[in-house]
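Asks: 3D, please:
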Amino acid sequence: METINVTVEGGVKTLEIRQGKALELKEPKPVSIHGTIDSVARWLEKRVDVITQLKCHILVNRADMKILLVMDETNHYQDWVTGSLEMHPDFKKWNINTGEGWTTKQLSEFVKMNRSCFESKEVAMKLSKELQDIRVKVEKEAEKSDNNRGDYKMMIAQKVISSSIPEKFYLNVPIFKGQPAKRFEVEIYISPDSYSCSFVSPEVNDIVHNLRESAIDEQLKRIEEIAPEIVIIEE
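Replies: Below is the predicted model:
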C-alpha cells in the first residue's frame with residue numbers, strides 16, 4: 001500500500017481520505033425545450049436576466065409555424081427553446097380538408113362518441129341518427145355497348161332513396177394547441193360512387209391562416225418588449 005504523508009493545519013482535527021476511481025467528467029447538457037407557440041416568450045420572461053441578449057437570436061418560420069430562440073449562439077453546447085403552433089387532437093381527428101372518407105356507419109359512431117365537440121349533445125345525436133338512417137337502393141340497369149353490335153352489359157347502380165343528412169354542421173373545438181375553442185362550419189361531402197362521407201371547411205382554412213399570422217405576430221411583439229436586443233430573423 002502506498003504511504004502518503006499529510007500535514008493538517010488550521011485546527012483541523014479530522015481528515016477524511018477517500019480511495020477509488022473518481023467520477024467521470026461529463027459534458028454540459030444543453031437546454032432543449034419544445035412547447036406551444038408562447039414558449040419562447042414565457043422562457044424570456046423568467047430568464048432574460050441570466051442570458052446575454054447580444055449572444056442570442058430568434059428564427060421565425062411562418063410556414064412551419066415555429067419560433068426558435070437560440071442562446072449562447074457560438075457555443076457548441078448552445079441552448080434553444082422552440083415554440084410552435086400544432087393542431088389540437090380534438091381538431092385533427094375530424095380529418096377536415098384531408099379528403100379522407102368515412103362510411104356512414106363509421107361516421108355515425110364517430111359523431112356519437114365525439115359529441116362533446118358540438119355546440120350541444122342534441123345536435124350531435126341528431127346527426128348521428130341521420131347518418132345511420134341513410135337508405136341506399138341497388139339497381140341493375142342494362143346499358144348498350146359502344147360497339148353497336150347489339151351487345152349489352154349489366155351495370156350496377158346505387159341510388160340514395162332516403163336521406164336526411166344535412167349539408168353542413170358546426171363544431172366548437174380548439175384548432176391549435178394552447179388556443180381557445182373556435183366555432184366553425186363543416187360541410188359534408190358524399191361520394192356518388194361509394195357514398196362515403198368526407199368533411200370540407202373553407203372557413204377552417206381561413207381561420208388557420210389568420211390564427212397562424214396573428215399568433216406569431218403577437219408573440220414577436222411580446223418578445224421584443226421583454227428582450228429588445230435579441231435579433232429576430234424571418235426565414
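Asks: all helices for this structure, in order.
Replies: Using DSSP state H, the helices of the chain run over residues 39-47, 89-92, 104-113, 121-132, 202-226.
Asks: how about CSV for the ones you listed, with mean pLDDT, mean neighbour count and distance to residue 186 added?
Replies: Backbone N, C-alpha and C define where each C-beta goes, glycine included. Below are these laid out as CSV (pLDDT from 0 to 100; neighbours: other Cβ atoms under 10 Å; distance: least, Cβ to Cβ, whole Å):
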stretch, mean pLDDT, mean neighbour count, distance to residue 186
helix 39-47, 97, 19, 30
helix 89-92, 96, 16, 11
helix 104-113, 92, 17, 11
helix 121-132, 89, 16, 10
helix 202-226, 94, 15, 8
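Asks: reformat these as JSON lines; add distance to residue 69.
Replies: JSON lines is the format used below for the helices of the chain (distance: least, Cβ to Cβ, whole Å):
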{"stretch": "helix 39-47", "distance to residue 69": "5"}
{"stretch": "helix 89-92", "distance to residue 69": "26"}
{"stretch": "helix 104-113", "distance to residue 69": "39"}
{"stretch": "helix 121-132", "distance to residue 69": "41"}
{"stretch": "helix 202-226", "distance to residue 69": "8"}
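Asks: out of the ones you listed, nearest to residue 12?
Replies: Among the helices of the chain, the nearest to residue 12 by Cβ to Cβ is helix 39-47 (40.6 Å).
Asks: helices or strands up against the closest one?
Replies: Under the contact definition 3 or more Cβ pairs under 8 Å, 6 or more residues apart in numbering; DSSP states H and E, helix 39-47 sits against strand 32-36, strand 66-71, strand 79-84, helix 202-226.
Asks: can you pull the domain assignment for the chain?
Replies: 32-86+213-234, 89-143+155-202 (automatic domain parsing).
Asks: among these, which gets the worst mean confidence?
Replies: Sorting the domains of the chain by mean pLDDT places domain 89-143+155-202 lowest, at a mean of 82.
Asks: straight-line length of it, end to end?
Replies: One end of domain 89-143+155-202 sits 20 Å from the other (Cα to Cα, to the nearest Å).
Asks: so which of the domains of the chain gets nearest residue 12?
Replies: domain 32-86+213-234 (36.6 Å).
Asks: now the end-to-end length of that closest one.
Replies: End-to-end distance (Cα to Cα), domain 32-86+213-234: 21 Å.
Asks: save the domains of the chain as JSON lines, and put in distance to residue 19 too.
Replies: Below are those laid out as JSON lines (distance: least, Cβ to Cβ, whole Å):
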{"stretch": "domain 32-86+213-234", "distance to residue 19": "33"}
{"stretch": "domain 89-143+155-202", "distance to residue 19": "54"}
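Asks: just say which of those domains is most tucked in.
Replies: Of the domains of the chain, the one with the most neighbours on average (mean count of other Cβ atoms under 10 Å) is domain 32-86+213-234, at a mean of 16.
Asks: kind regards, and thank you for your time.
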